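In: got a structure for you, letters missing:
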Ligand SMILES: Cc1ncc(COP(=O)(O)O)c(C=O)c1O
């Protein structure tokens with residue numbers, strides 16, 4: 001195999017950061033206040049306003065946001081939670097870490113999303129919550145979900161700019177999470193957000209994110225010894241910080257521009273690749289939906305050959321996600337989920353991020369045209 005020149009390697013994911021992010025974190029660096037502080041509160045307010053949410057609790061990762069979201073639901077111990085198998089490992093880990101059992105469900109082949117029918121098939125009397133994941137930012141068809149009479153956990157890690165009927169994804173679940181890791185549409189080095197329909201849950205999340213310490217230090221009530229903690233629950237440390245939040249604030253201001261670029265790249269790919277009969281392009285957002293264009297997933301029978309061919313041309317691709325029910329750590333459920341398994345054989349994520357130049361896009365298109 002030819003070793004591509006690393007400098008010329010096109011990445012499949014990527015953030016676009018620069019002077020705006022440096023300007024935003026500069027006051028925190030100069031004031032030597034790097035931890036939880038005013039930038040965190042500013043980011044929480046700005047993000048909630050932009051997405052019209054009742055509030056946001058910023059955390060150190062989307063993975064921990066999932067864990068905390070599930071804890072907030074106070075499910076009976078060992079509850080079953082339906083989780084689509086085509087998702088990031090943290091979705092299942094969070095269920096287990098919270099003391100419950102993930103039950104894996106298939107996804108729709110065309111949208112890569114769980115549907116109401118699939119959820120109904122996986123549902124049984126032990127099911128105490130359902131997790132939905134808006135894969136790539138294509139919204140799950142939330143309107144078709146009947147009331148299953150269990151809470152809905154909405155994973156909008158890919159979907160910060162996705163909408164259904166004018167409402168942003170993240171506003172449909174009883175609890176919902178976002179990811180702001182380094183490759184997401186809003187990129188911090190690491191970060192996650194938690195929101196909920198009930199603002200009291202968001203406040204509760206905020207009081208649990210620091211090892212479950214609701215009051216400490218100078219924030220203690222008057223009259224209390226300020227060094228004595230008030231601990232509500234045994235929780236990990238999931239604290240956000242002002243450096244990540246500052247970067248997030250700059251990213252939030254640039255979100256519209258970055259989304260425009262993502263949309264342009266997506267459109268060019270759709271136009272070019274829909275002419276090729278040997279691959280299947282991703283499904284567009286429906287007429288009442290808005291996509292966030294987090295990633296571009298094609299399907300083809302000779303997936304591995306194309307991935308190798310592009311890699312030799314210095315174009316990196318990947319496949320998200322190795323289905324959880326096939327992962328040895330979760331295989332004990334002995335499930336067959338045909339669409340996840342087909343996607344695992346045929347799915348390939350192509351480079352899509354705002355820093356791709358026009359010539360980068362041409363390289364991807366030419367690389368794929370050359371593969372016959
Ligand atoms: C669908 C999904 N959920 C949750 C997460 C976890 O987010 P984080 O990486 O911020 O922990 C990710 C991360 O990639 C994800 O893709």
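Out: Received, thanks. Being a predicted model, the structure only gives us computed values, none of them experimental.
In: All the strands of the chain, residue numbers only.
Out: For the chain, the strands defined by DSSP state E cover 57-59, 80-84, 101-105, 127-133, 152-155, 163-164, 167-168, 175-179, 192-196, 213-215, 230-231, 289-290, 296-299, 347-350.
In: So which of those strands is nearest the ligand?
Out: Closest approach to the ligand among the strands of the chain (Cβ to the nearest ligand atom): strand 175-179, 3.3 Å. Quick note: C-beta positions are derived from backbone N, CA and C, even for glycine.
In: Could you check how far the closest one is from the centre of its chain?
Out: Strand 175-179 has its C-alpha centroid displaced from the chain centroid by 8 Å (Cα atoms, centre = their mean, to the nearest Å).
In: tally of neighbours for residue 76?
Out: As a burial measure, residue 76 scores 9 neighbours (other Cβ atoms under 10 Å).
In: burial of the nearest residue in space to it that is not next to it in sequence, as a residue count?
Out: When the adjacent residues along the chain are set aside, residue 76 lies closest to residue 128, with 6.5 Å between them (Cβ to Cβ, 6 or more residues apart in numbering). When neighbours are counted by other Cβ under 10 Å, residue 128 registers 17.
In: Show me which residues of the stretch 151-300 of the chain sit near the ligand.
Out: Contacts of the stretch 151-300 of the chain with the ligand, taken as Cβ under 6 Å from any ligand atom, map to 155, 157, 158, 179, 181, 192.
In: Any quick ChimeraX command for the buried ones out of those?
Out: The ChimeraX selection below is limited to those of these classed as buried (16 or more other Cβ atoms under 10 Å):
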select :155,157,158,179,181,192
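In: got CSV for the residues of the stretch 151-300 of the chain next to the ligand, with pLDDT too?
Out: Formatted as CSV, these follow (pLDDT from 0 to 100):
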residue, pLDDT
155, 98
157, 98
158, 98
179, 98
181, 98
192, 98
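In: thinking again about what came up before, and the residue nearest to residue 76, how far from residue 70?
Out: 10 Å (Cβ to Cβ, to the nearest Å).
In: which neighbours do the two share?
Out: Taking Cβ atoms under 8 Å, 6 or more residues apart in numbering as the contact rule, residue 128 and residue 70 both touch 81, 100.
In: Just the helices from the stretch 1-150 of the chain, written as ranges.
Out: 19-31, 38-51, 62-72, 89-97, 116-122 (DSSP state H, counting those that start in this stretch).
In: Could you find the closest non-adjacent residue to the residue of the stretch 51-200 of the chain at minimum distance from the ligand?
Out: The ligand sits closest to residue 62 of the stretch 51-200 of the chain, with a gap of 2.5 Å, by Cβ to the nearest ligand atom. Nearest residue to residue 62 in three dimensions, chain neighbours excluded: residue 179, at 3.0 Å (Cβ to Cβ, 6+ apart).
In: The one you found: what's it in contact with?
Out: By Cβ under 8 Å, 6+ apart, the neighbours of residue 179 are 61, 62, 63, 65, 157, 158, 191, 192.
In: Give the residue spans of the protein that score low on pLDDT.
Out: 1-7, 215-224 (pLDDT under 70).
In: okay, now the domains of it?
Out: Domain segmentation of the chain under automatic domain parsing yields 6-14+255-370, 19-253.
In: any idea which of these is most buried?
Out: domain 19-253 (a mean of 20; mean count of other Cβ atoms under 10 Å).
In: chain center to that one, what's the gap?
Out: Worked out by Cα atoms, centre = their mean, domain 19-253 lies 9 Å from the chain centre.
In: okay, how far is it across it, tip to tip?
Out: By Cα to Cα, to the nearest Å, the extent of domain 19-253 from end to end equals 13 Å.
In: again with stretch 293-312
Out: 26 Å.
In: With stretch 49-60 instead?
Out: Termini of stretch 49-60 sit 20 Å apart (Cα to Cα).
In: again with stretch 333-341
Out: Note: stretch 333-341 ends 15 Å apart using Cα to Cα.
In: and the stretch 1-150 of the chain, which of its residues are near the ligand?
Out: Counting by Cβ under 6 Å from any ligand atom, the stretch 1-150 of the chain sits next to the ligand at 61, 62, 63, 66, 87, 88, 90, 91, 133.
In: Looking at these, spot the one nearest residue 242.
Out: residue 61 (16.4 Å; Cβ to Cβ).
In: From residue 329, how far out is the closest residue to the closest one other than its chain neighbours?
Out: Once flanking residues are discounted, residue 61 sits nearest to residue 192: 4.6 Å by Cβ to Cβ, 6+ apart. Between residue 192 and residue 329 the distance is 22 Å, computed by Cβ to Cβ.
In: what does residue 43 give?
Out: Counting by Cβ to Cβ - residue 43 and residue 329 are separated by 34 Å.
In: before we move on, what about residue 165?
Out: 38 Å.
In: One more: residue 264?
Out: 39 Å.
In: repeat for residue 139
Out: 29 Å.
In: now residue 244
Out: Where residue 329 is concerned, residue 244 sits at a distance of 29 Å (Cβ to Cβ).
In: do residue 211 as well
Out: In terms of Cβ to Cβ, residue 211 sits 27 Å off from residue 329.
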